[in-house]
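Asker: okay, sequence plus prediction incoming.
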Amino acid sequence: MSKGRRYSEDQHLNYTKVFAVIIAILVIAMCIVIIKNLLSKQKESIDEQSKDYYALYTDDKWGIIDSTGNTVIEPMYQEMIIVLNNRKDVFLCTYDVNEKTGEYKTKVINRKNEEIYAKYDKIEPLENYDKSGNAWYEKDIMRIQKDGKYGLIDIDGKEILSIEYDNIETLKGLENSILVTKNGKVGLVNKSGATIISPEFSKIQKFDDDYTKGYITIDNNKKYGLVSYAGSKILDNKYEKIDAIYGENYFVIQEKGKQIVINSKGEKVITDGFDKITQINSDGVVFVKDKEYGFMNFDKKVLIKPTYQELKEINIGTLKAKKDNKYGIIDINGKEKLGFKYSDLYYEENAGFYVTEDEKYNSQILDNNFKVKLSGVLSELNKEEGYMKLKIKDEYKYYNFKFEEKNIKDVLSSNNLFVAKKDGKYGFVDKEGNVVVDYIYDEAQEQNKYGFAAVKKGNLWGSINREGKEVITPKYKMKNYLVIDFIGKWHLGQDINMNYYCEK
């Protein structure tokens, strides 16, 4: 009877085949271990990629936390760590600062506190400012320096602009607009490193708050011209000055200090009848005469006499006007569309409606026919998700941009807990309405995108997690904070412009 392949014909073990089986088993085991390690590393990589990162400040030191509230880099740096992209573990550090000489060192580190992109003398963020003076940084690009020259790399370390420039800085107030200086001449590149304007001008200025409207160029003869955001010439450098007033096919230049409206062919359209031009739209210009605002068309016909304290088009054919220190709305013919009784008003272009405010910050939401659709305190307008949050008679309600009331569970679909109120106290319920957190708080906020919610007892704030458990017992007085938000036990800093979390 056959004994099987493990035996030779003389009924002894076939050691060669036994060893082969053992080796095969070992190979399979090793493969399983390798695959498990790869899957584990892949899962770890996915987990890390799903996290966001923020600067952390505590005990006068700076570090990094992730969106679960865990400390990624222990606070050890004297200067704030810059996080250009919350989704990337690429952090810019400044250290060894000499206050007397102004000298300092920089480096880029990852979440393991390992230095990366170390071949440069310096790596710095590109700082910018909006018109209110709030600081921000160009996302995903950094300025590099080597041997006294500058270039650009992206956040993954790829060189997108060669190291050959004398200086690189942002065009203040505009995104995606980087000034480069070479041999004393100024040019402009975008955030991809592509050249928009070659370095041949003495100065480049913004033409509007939107970079897509183009750029004002000034040559060595102090003559002004205009270039599109794609780099094509709109107006030659032959003007005494071009004012930063955008019009589709019309522009405001100056001759001997006097403003003149010209068309795209350079022909003079409006030369007098005003002291100052402040805005161009498709129908004409807003002008000032004897310190009062009015409106005239391109045929120089005055459609709105200069009788207003302020005047500005906020929607096509619709102007925000100020009279007797109150705001209202008129059309280009001066016809009143909305009475002068508001402390402020504006048009939400992306949402397609008007918002008015009184002295107590009560709002009215009006459609394009100026019909009041909603009233209350507008506390949130989320353009990305397409909803607004209003406080109406001490109760928060949610609406889409069609003014339809929405269930909070549909609006905040990723949340698992929701604020509920009972007998003047706040708690949290799940999607089925089951009470998860008892009604013990004096105030509570909905979960943020990381699952943490701010809660208040008396005058003190703390936070709970997705399970409804207190991460930090209410202990913070946050009276002067514009935004109250927590990631774990850390709360958003008072200067929300800096976008960091702290514990103090």
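Answerer: Sure thing, it's come through. Nothing here was measured: the structure is a model prediction, and the numbers come from that model. Residues are numbered from 1 along each chain as shown.
Asker: what helix or strand is residue 54 on?
Answerer: Secondary-structure assignment from DSSP states H and E places residue 54 in strand 53-58.
Asker: OK, contacts around the residue nearest the centre of the chain?
Answerer: Ranked by distance to the mean C-alpha position of the chain (CA atoms, centre = their mean), the top residue is residue 136 at 8.5 Å. Under the criterion of CB atoms under 8 Å, 6 or more residues apart in numbering, the neighbours of residue 136 are 127, 128, 129, 130, 497. From N, CA and C alone the C-beta is placed, and that goes for glycine too.
Asker: try it again with 7 Å
Answerer: Going by CB atoms under 7 Å, 6 or more residues apart in numbering, residue 136 touches 128, 130.
Asker: which of the helices or strands spans it?
Answerer: In this structure, residue 136 sits in strand 135-146 according to DSSP H and E.
Asker: partners of the helix or strand that that strand is followed by in the sheet?
Answerer: Later in the chain than strand 135-146, the nearest helix or strand by DSSP H and E is strand 149-154. As defined by DSSP bridges, the strand partners of strand 149-154 come to strand 135-146 (antiparallel), strand 159-165 (antiparallel).
Asker: quick one: distance of strand 149-154 to the chain centre.
Answerer: In terms of CA atoms, centre = their mean, to the nearest Å, the gap separating the centre of strand 149-154 from the centre of its chain is 23 Å.
Asker: so for it, mean pLDDT?
Answerer: For strand 149-154, the mean pLDDT works out to 98.
Asker: how about low-confidence regions in the stretch 251-400 of the chain?
Answerer: Under the criterion pLDDT under 70, no range of the stretch 251-400 of the chain is flagged.
Asker: you'd agree residue 410 is in a helix?
Answerer: Yes. Assessed with DSSP: H, G, I helix; E, B strand; the rest coil, residue 410 lies in a helix.
Asker: rewinding a little: for the strand holding residue 54, packing partners?
Answerer: In this structure, strand 53-58 makes packing contacts with strand 61-66, strand 71-77, strand 82-83, strand 500-502, judged by 3 or more CB pairs under 7 Å, 6 or more residues apart in numbering; DSSP states H and E.
Asker: adjacent strands (with direction) for it?
Answerer: Listed by DSSP bridges, the sheet partners of strand 53-58 and their directions read strand 61-66 (antiparallel), strand 500-502 (parallel).
Asker: deepest in the core, which of the ones you listed is it.
Answerer: The highest mean neighbour count among the strands paired with strand 53-58, using mean count of other CB atoms under 10 Å, belongs to strand 61-66: a mean of 22.
Asker: show residues contacting that strand.
Answerer: The contact list for strand 61-66 (CB under 7 Å, 6+ apart) reads 51-56, 71-77, 79-81, 91, 487, 490, 501.
Asker: can I get the buried part of these as one PyMOL selection?
Answerer: What follows is the PyMOL syntax selecting those of these that are buried according to 16 or more other CB atoms under 10 Å:
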select buried, resi 51+52+53+54+55+56+72+73+75+77+81+91+487+490+501
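Asker: I'd like to know how many residues surround residue 222.
Answerer: When neighbours are counted by other CB atoms under 10 Å, residue 222 registers 11.
Asker: and it, how far from residue 199?
Answerer: Look at residue 222 and residue 199: by CB to CB, to the nearest Å, they are 18 Å apart.
Asker: same check on residue 504?
Answerer: Summarising the geometry, the distance separating residue 504 from residue 199, computed by CB to CB, is 46 Å.
Asker: in terms of neighbours, single out the busier of those two.
Answerer: Here residue 504 and residue 199 are compared on neighbour count by other CB under 10 Å; more neighbours surround residue 199, at 19 against 10.
Asker: hmm, residue 180 and that one touching each other?
Answerer: Yes. Taking contacts as CB atoms under 7 Å, residue 199 lies within contact range of residue 180: 6.0 Å.
Asker: shared neighbours, these two?
Answerer: In terms of CB under 7 Å, 6+ apart, residue 199 and residue 180 are both contacted by the residues residue 187.
Asker: can you give me the helices in this protein?
Answerer: Secondary structure of the chain (DSSP state H): helices located at 15-49, 408-411.
Asker: and these, which one's lowest on average pLDDT?
Answerer: Ranked by mean pLDDT, the helices of the chain end with helix 15-49 at the bottom, a mean of 55.
Asker: what's across from residue 437 in the sheet?
Answerer: Counting by DSSP bridges, residue 437 is bridged to residue 428.
Asker: tell me the contacts of it?
Answerer: Shown here is residue 437, whose contacts under the criterion CB under 7 Å, 6+ apart are 427, 428, 464, 468.
Asker: which one among these gets closest to residue 442?
Answerer: Closest approach to residue 442 among the contacts of residue 437 (CB to CB): residue 427, at 11.3 Å.
Asker: mind listing what's buried in stretch 335-342?
Answerer: For stretch 335-342, a neighbour-count test (16+ other CB under 10 Å) marks 337, 338, 340, 342 as buried.
Asker: contacts for stretch 293-306, please.
Answerer: Here stretch 293-306 has contacts from 269-270, 273, 283-290, 292, 307-308, 310-311, 330, 332-334, using CB under 7 Å, 6+ apart.
Asker: whichever of those residues end up buried, select them in PyMOL.
Answerer: Selecting in PyMOL just the buried members of the contacts of stretch 293-306, where the criterion is 16+ other CB under 10 Å, is done with this command:
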select buried, resi 269+270+283+284+285+286+287+288+289+308+311+330+332+334
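Asker: so which of the contacts of stretch 293-306 sit within strands?
Answerer: Secondary structure assignment by DSSP state E places 269-270, 284-289, 292, 307-308, 310-311, 330 of the contacts of stretch 293-306 in strands.
Asker: mind putting the residues you listed into CSV with distance to residue 255?
Answerer: Putting these into CSV (distance: CB to CB, whole Å) gives the following:
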residue, distance to residue 255
269, 13
270, 13
284, 20
285, 17
286, 20
287, 17
288, 18
289, 19
292, 24
307, 28
308, 27
310, 27
311, 25
330, 32
